[in-house]
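Trainee: Below are the sequence and a predicted model; questions follow.
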Amino acid sequence: MTAKSSLLVQDKRTAQRNAAERRFIWYGKAAIAVSLAALVLLLVSIFGNGLSSYRQTFLTLTVELPEAKLDKSGVRDPAVMSKVTTIGYAPLLTNALIAKMEELGIEKTLSDKDLADIISKEAPATLRNIVLADPSLIGGTITLPVLASGRIDGFFKGRVSMESAALDNNTSPEALVIAQQLSDAGVLTTRFNWGFLTAPDASDQRPEAAGLGVAILGSLYMMIVVLALALPIAVAASIYLEEFAPKNRWTDLIEVNIANLAAVPSIVYGILGLAIFINFGHLNQSSPLVGGLVLSLMTLPRIIIPARAALKSVPPSIRDAALGVGASKMQSVFHHVLPLAAPGILTGVIIGLAQALGETAPLLLIGMVAFVRDYPAAFPDSSHIFGDPATALPVQVYNWTQRADPAFVERASGAIIALLIFLMAMNLVAILLRRRFERRW
Amino acid sequence: MNFSPNLERAGTMTQAKITASGVQVYYGDNHAIKDVDVTILDRTVTAFIGPSGCGKSTFLRCLNRMNDTIASCRVEGAILLDGEDIYDRRVDPVQLRAKVGMVFQKPNPFPKSIYDNVAYGPRIHGMSRSKAELDEIVEKALRSAALWDEVKDRLAAPGTGLSGGQQQRLCIARAVATAPEVLLMDEPCSALDPIATAQIEELIDELRQNFSVVIVTHSMQQAARVSQKTAFFHLGNLVEFGETAQIFTNPIDPRTESYISGRIG
């Protein structure tokens, strides 16, 4: 005879099962903790490195604009004046800096040439653009903020120290001392840097001037192309395959191939785009149009698969109900099935778009990695929309991480922040749209 | 099977609405319905009974071509609605389903408001020219489904928020709203409690005034309560078809008797 068991005492099997459950819960918690820690680490590192790129050091200088140097002819014709290159403007800025130092009583411990290195090489170009835009300024003086050089900027952001400056060809401890004195006098200030978001890229020697303007526009145009092409095509394809297509060998084949396409490495789409759109179709290389087409191809299967899953998850009783009252197949799909599947489809769309936004590899192959200084127009007068060369946010990040100047590390992290914000804005739109579709009954 | 003497005795001169003859249904290689002949009369409730898998639902779904949605399903033989073959190539099943409405086993209201649920059919069939006319159709349908008094103050509320019995009556109202001539009901009470079932049964009896009703049911008591005609299906065969009273009290076929007395099924 077995002893009668008591409910108050756990038997061995129950204890084992409970222990297994507790262990599993701990595994789950540990997994979440690890991923949260990784996320926090990522954000801390990116924001720690990158936030400073949204602030920039400027010098406020009062510059004399002598006619003898800038417009000898005296006709104030921009075409004639443009013969004076930035090299002609650079001494004006150096003189203005020297004058300011004299005015403040700062000791001039450097030669004129070394002193010029305090000012960004971008500054003469900025000044020249201002003068060419408004020739009446010539003969007078103008007070304007100009970029300090990357090394000086780095000094105020803690990247450059007296020790590192001593070993540096581009700056010197003396320059830093002068910069510190200018800062104490309020001539040199660090403030929010709109230029980082609006300016185009700049060359290796002037990281302080590099911005994301072209990359943001390029990414935006590409997303528009992807949304306009991939969304309708993918949704139409998934509705047809899920609701209308006969189930036979052909549709099976198509289904398998869509699943395979979603797994194709993205760089393959780049090669495809290069061969088809550029070599065969003769579209402009580096253009957001080609980039958008390539990303659309890549995104299509990634939207079709979740869209089909969303359609499949709509209970068949809804289709029966619609057919039962005499709705046509199409009415039952568009009036009843699609609205119920819309939130799921939108989730797929946003994941697809997010992947497209962050994609670098295929864009490298179609030339979007090129150094582009000019803003791409949405509708260039030439031939087609979105056809101007541009670059994209992730490509810009890739590009900047390749450069030698340490100031570009900060720029790259800053670009990642911009990319994340772009992504969050897109997700926000998707969530708001989903709220609208997702009527809770 | 000759049942016309019975009819004459009952004194009801109803005419045939649907005539099915020699109907065969195949699911791929599976012969699901074997040579069924049935005549469904106008303004009559016809019940299909039989054990699970006997083909009664399959046959019901042939009557409004809902089987068309199943790719492997093949129907042979003739099913005439008012003398017209519904499987004729010229027939659009969508048009047919407006005439032959259906109520399903599980209440399946659309995830929309009560009003929109009922108004959907009339809208897609263009049955109303104005909002007032549509309102009238909706009210009439809800009244005939005995739901109006319960929902008239919350027509904008979601249809899925009603109780199970109310949802099923909403589905009936939805089917009735398109003014069908035949109403097919596939085990309409199997998901409902006894009180809701009683309400639906009462409703079916009222609907008989205007429609021909065909109901598939597992409950023999229900068939006995609501129907005038009963068809007993077994393994894809129509075993016996006749007056409900006769089927339940004096079945001719021994299989019918075994089923009714609970020995098979």
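Mentor: Alright, I've got the coordinates.
Trainee: only C-alpha atoms for contact and neighbour calcs from this point on.
Mentor: Will do.
Trainee: where does chain B come near chain A, residue by residue?
Mentor: Counting by CA under 8 Å from any CA of the partner chain, chain B comes close to chain A at B:66, B:71, B:94-98, B:101-104, B:108-112, B:121, B:124-125, B:158, B:160-161, B:174-175, B:178.
Trainee: quick one: which of those sit in helices?
Mentor: Applying DSSP state H to the residues of chain B next to chain A, the entries found in helices are B:Val94, B:Gln95, B:Leu96, B:Arg97, B:Ala98, B:Gly121, B:Ile124, B:Arg174, B:Ala175.
Trainee: Buried among the residues you listed? Make that a ChimeraX selection.
Mentor: To isolate the buried members of these in ChimeraX, using 16 or more other CA atoms under 10 Å in any protein chain shown:
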select /B:94,96,97,98,121,174,175
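Trainee: Strands along the chain, start to end?
Mentor: Let's take chain A. A:55-64, A:141-147, A:188-192 (DSSP state E).
Trainee: sorry, should have said chain B
Mentor: B:16-27, B:30-41, B:45-49, B:73-81, B:84-85, B:100-103, B:182-186, B:212-216, B:229-234, B:237-243.
Trainee: roughly how far out does the fourth one sit from the chain middle?
Mentor: Relative to the centre of its chain, strand B:73-81 is centred 17 Å away, using CA atoms, centre = their mean, to the nearest Å.
Trainee: Flag every buried residue along that strand.
Mentor: For strand B:73-81, by 16+ other CA under 10 Å, it's B:Cys73, B:Arg74, B:Val75, B:Gly77, B:Ala78, B:Ile79, B:Leu80, B:Leu81.
Trainee: What of stretch A:366-386?
Mentor: A:366-373, A:375-378, A:385-386.
Trainee: List the contacts of the residue of the stretch 201-350 of chain A found nearest chain B.
Mentor: Residue nearest to chain B within the stretch 201-350 of chain A: A:Gly326 (4.6 Å; CA to the nearest CA). Contact analysis of A:Gly326 by CA atoms under 8 Å, 6 or more residues apart in numbering or on different chains lists B:Val94, B:Gln95, B:Leu96, B:Arg97, B:Ala98, B:Gly101, B:Gly121, B:His125.
Trainee: if I look at it, how far off is A:Pro135?
Mentor: 75 Å (CA to CA, to the nearest Å).
Trainee: A:Met298 touches A:Pro265, doesn't it?
Mentor: No - at 9.1 Å, A:Met298 does not count as touching A:Pro265 under the criterion of CA atoms under 8 Å.
Trainee: what sits against B:Asp153?
Mentor: B:Asp153 touches nothing, counting by CA under 8 Å, 6+ apart.
Trainee: Convert the C-alpha atoms of stretch A:125-135 to PDB, please.
Mentor: C-alpha atoms of stretch A:125-135 as PDB (Å, rounded to 0.1, in the frame of the first residue of the first chain):
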ATOM      1  CA  ALA A 125      34.700  80.600 -48.700                       C
ATOM      2  CA  THR A 126      31.800  81.600 -46.400                       C
ATOM      3  CA  LEU A 127      33.000  85.200 -46.500                       C
ATOM      4  CA  ARG A 128      33.400  85.200 -50.300                       C
ATOM      5  CA  ASN A 129      29.900  83.900 -50.700                       C
ATOM      6  CA  ILE A 130      28.500  86.700 -48.500                       C
ATOM      7  CA  VAL A 131      30.400  89.300 -50.500                       C
ATOM      8  CA  LEU A 132      29.400  87.900 -53.900                       C
ATOM      9  CA  ALA A 133      25.800  87.800 -52.800                       C
ATOM     10  CA  ASP A 134      25.900  91.500 -51.700                       C
ATOM     11  CA  PRO A 135      28.700  93.400 -53.500                       C
END
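Trainee: contacting residues around it?
Mentor: Under CA under 8 Å, 6+ apart, the answer for stretch A:125-135 is A:Arg76, A:Asp77, A:Pro78, A:Met81, A:Ser82, A:Thr85, A:Thr86, A:Tyr89, A:Leu137, A:Ile138, A:Val146.
Trainee: Now for B:Asp253: which residues touch it?
Mentor: B:Asp253 neighbours (CA under 8 Å, 6+ apart): B:Val239, B:Glu240.
Trainee: show me where pLDDT drops low in the stretch 151-265 of chain B?
Mentor: B:264-265 (pLDDT under 70).
Trainee: if we can go back for a sec, specify which member of the contacts of stretch A:125-135 is nearest to B:Cys62.
Mentor: B:Cys62 lies nearest to A:Val146 out of these, by CA to CA, at 82.6 Å.
Trainee: I'd like the distance between the spatially most central residue of chain B and B:Asp193.
Mentor: Nearest to the geometric centre of chain B sits B:Leu184, at 1.8 Å (CA atoms, centre = their mean). Going from B:Leu184 to B:Asp193 by CA to CA gives 21 Å.
Trainee: re earlier: using a markdown table, lay out the contacts of A:Gly326 together with pLDDT.
Mentor: Shown next, in a markdown table, are the contacts of A:Gly326 (pLDDT from 0 to 100):
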| residue | pLDDT |
| --- | --- |
| B:Val94 | 88 |
| B:Gln95 | 88 |
| B:Leu96 | 91 |
| B:Arg97 | 90 |
| B:Ala98 | 87 |
| B:Gly101 | 91 |
| B:Gly121 | 92 |
| B:His125 | 89 |
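Trainee: I'm done for today, thanks for sticking with me.
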